[in-house]
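Engineer: Only the shape, not the letters, is given here:
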């Protein structure tokens with residue numbers, strides 16, 4: 001225990017631990033007494049802190065280091081002063097850097113910043129930069145761009161409340177447009193920060209706002225995946241596509257942006273389990289439209305890489321892969337496609353799925369694929385003899 005604080009039930013905890021319990025894990029009870037917390041105020045327990053420090057001094061000869069006196073959480077008045085200083089061009093960068101330092105110290109500081117209006121102010125810095133870039137009217141563009149990058153960096157690392165995120169989304173999507181411009185013209189770090197922030201925002205947005213996203217948004221998401229600027233940003237982009245692509249219009253926008261081709265290329269090289277799972281989930285969604293299926297079939301490795309990932313990554317990946325092949329089998333099964341499925345091992349993989357410990361739904365899908373085209377495939381030499389007995393006619 002480094003920073004002892006007492007909650008409303010009278011129990012003392014370490015500040016970081018109880019903040020994580022209350023604010024990150026969204027609990028409203030005391031961990032020890034299980035009583036409801038009447039408020040979330042945390043009172044420093046100076047007596048316990050002095051006892052801890054005295055014990056550290058007493059045991060210094062055993063290598064115990066003295067715990068420094070913890071900093072008090074920042075208050076609204078201090079945040080207001082930093083925000084006011086940030087409006088002065090001469091003090092802006094220094095004040096923004098101080099805000100970032102304050103945000104990194106504790107979750108309570110982040111909540112105080114949000115309550116003081118820091119979220120709206122930081123968003124306004126980015127929007128103003130975006131507007132001035134479009135108008136080409138900035139006399140000191142470099143410094144202003146640095147301020148915008150700093151503001152974006154702060155926003156992306158804050159744990160913003162759902163209400164705060166919805167406020168950022170807004171009704172007209174103005175701030176989303178500013179972030180898209182960052183994706184188009186920003187450096188790698190700014191693009192990564194914008195993607196992380198967009199992921200948090202769009203997870204709480206209304207379906208109407210999701211449908212209204214413009215095509216250039218999907219183009220930038222695909223570019224971000226292609227460029228692989230950071231592992232975290234790539235995962236955020238994949239999660240964004242998973243959130244957006246259940247909507248039919250967004251599927252087509254993503255396909256037109258080149259998502260299918262990029263995902264296939266990434267699947268060829270990606271070994272990480274979670275990344276493969278997300279890529280296959282997105283491909284499954286995109287193959288829900290004719291444009292997506294056509295793009296998958298147009299790629300030389302499309303069917304092969306999907307088939308290869310089945311039974312090699314995880315149950316979730318196998319389910320997504322079989323669903324993709326089922327969509328192709330149902331809606332795009334020309335004679336040339338059926339021949340390709342045979343050549344790249346799709347048929348033998350479906351036979352193998354029937355023998356493995358897969359879910360009932362996956363086995364039913366595999367059986368449906370084989371049964372639908374049994375005339376085209378049943379005499380093929382690629383089907384092992386020991387599997388013929390289970391081959392569905």
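Structural biologist: Sure, I can see it. Worth saying up front: this structure is predicted, and the values here are computed from it rather than measured.

Engineer: Show me where this protein has its strands.
Structural biologist: 4-6, 12-14, 43-44 (DSSP state E).

Engineer: Return the most buried member of these.
Structural biologist: strand 4-6 (a mean of 21; mean count of other CB atoms under 10 Å). Placement of C-beta: from N, CA and C, glycine included.

Engineer: partners of it, with directions?
Structural biologist: According to DSSP bridges, strand 4-6 forms sheet pairs with strand 12-14 (antiparallel), strand 43-44 (antiparallel).

Engineer: Which residue comes closest to residue 319 once chain neighbours are left out?
Structural biologist: Spatial nearest neighbour of residue 319, chain neighbours left out: residue 362 (5.4 Å); criterion: CB to CB, 6 or more residues apart in numbering.

Engineer: where's that neighbour relative to residue 77, distance?
Structural biologist: Distance of residue 362 to residue 77, computed by CB to CB, to the nearest Å: 59 Å.

Engineer: Look at these two and report which has more neighbours.
Structural biologist: Taking neighbours as other CB atoms under 10 Å, residue 362 and residue 77 compare with residue 362 leading, 22 against 8.

Engineer: how close does the more buried one sit to residue 309?
Structural biologist: For residue 362, the distance to residue 309 - CB to CB - is 13 Å.

Engineer: Overlap in contacts, these two.
Structural biologist: Common contacts of residue 362 and residue 309, defined by CB atoms under 8 Å, 6 or more residues apart in numbering, comprise residue 318.

Engineer: Work out which residue lies at the spatial centre of this structure.
Structural biologist: residue 236 (2.9 Å; CA atoms, centre = their mean).

Engineer: so for stretch 52-69, what's the average pLDDT?
Structural biologist: Averaged across stretch 52-69, the pLDDT comes to 85.

Engineer: quick one on the thing from earlier: kindly reformat the strands paired with strand 4-6 as JSON lines containing distance to residue 330.
Structural biologist: Output for the strands paired with strand 4-6, formatted as JSON lines (distance: least, CB to CB, whole Å):
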{"stretch": "strand 12-14", "distance to residue 330": "56"}
{"stretch": "strand 43-44", "distance to residue 330": "63"}
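
Engineer: Ok, which of the strands of the chain comes nearest residue 258?
Structural biologist: strand 12-14 (49.1 Å; CB to CB).

Engineer: tell me the helices in the stretch 51-200 of the chain, going along the chain?
Structural biologist: 76-86, 92-105, 107-115, 118-135, 141-157, 162-169, 174-185, 188-202 (DSSP state H, counting those that start in this stretch).

Engineer: Residue 38: neighbour count?
Structural biologist: Residues lying near residue 38 (other CB under 10 Å) number 10.

Engineer: Tell me the pLDDT of the residue nearest to it when sequence neighbours are not counted.
Structural biologist: Using CB to CB, 6+ apart and skipping residues adjacent in sequence, the residue nearest residue 38 is residue 8, 4.6 Å away. Per-residue confidence (pLDDT) for residue 8: 91.

Engineer: isn't residue 8 right up against residue 41?
Structural biologist: Yes: between residue 8 and residue 41 there is a contact under CB atoms under 8 Å: 7.0 Å.

Engineer: Give me the neighbour count for residue 81.
Structural biologist: Should you count by other CB under 10 Å, residue 81 turns out to have 13 residues around it.

Engineer: same question, residue 264
Structural biologist: Counted with other CB under 10 Å, residue 264 comes out at 22.

Engineer: Same check on residue 252?
Structural biologist: 18.

Engineer: what does the one 10 residues further on give?
Structural biologist: The tally of other residues near residue 262 (other CB under 10 Å) stands at 18.

Engineer: just residue 121 next, same as before
Structural biologist: If we define neighbours as other CB under 10 Å, then residue 121 has 19 of them.

Engineer: can you check residue 104 too?
Structural biologist: Neighbour tally, residue 104, other CB under 10 Å: 12.

Engineer: one step back: and the helices of the stretch 51-200 of the chain, which is most packed in?
Structural biologist: helix 188-202 (a mean of 22).

Engineer: mind checking how far it is from the chain centre?
Structural biologist: Distance of helix 188-202 from the chain centroid (CA atoms, centre = their mean, to the nearest Å) equals 9 Å.

Engineer: Helix 141-157 and that one, what's the angle between them?
Structural biologist: For helix 188-202 against helix 141-157, the angle by axes from the mean of the first three to the mean of the last three CA atoms, to 10 degrees is 50 degrees.

Engineer: pLDDT of helix 188-202, averaged?
Structural biologist: Mean predicted confidence for helix 188-202 is 93.

Engineer: helices and strands around it, which ones?
Structural biologist: Here helix 188-202 touches helix 141-157, helix 162-169, helix 174-185, helix 215-227, helix 231-244, going by 3 or more CB pairs under 8 Å, 6 or more residues apart in numbering; DSSP states H and E.

Engineer: Including mean pLDDT, could those go into JSON lines?
Structural biologist: Listed next are these as JSON lines, based on pLDDT from 0 to 100:
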{"stretch": "helix 141-157", "mean pLDDT": "79"}
{"stretch": "helix 162-169", "mean pLDDT": "91"}
{"stretch": "helix 174-185", "mean pLDDT": "90"}
{"stretch": "helix 215-227", "mean pLDDT": "95"}
{"stretch": "helix 231-244", "mean pLDDT": "94"}
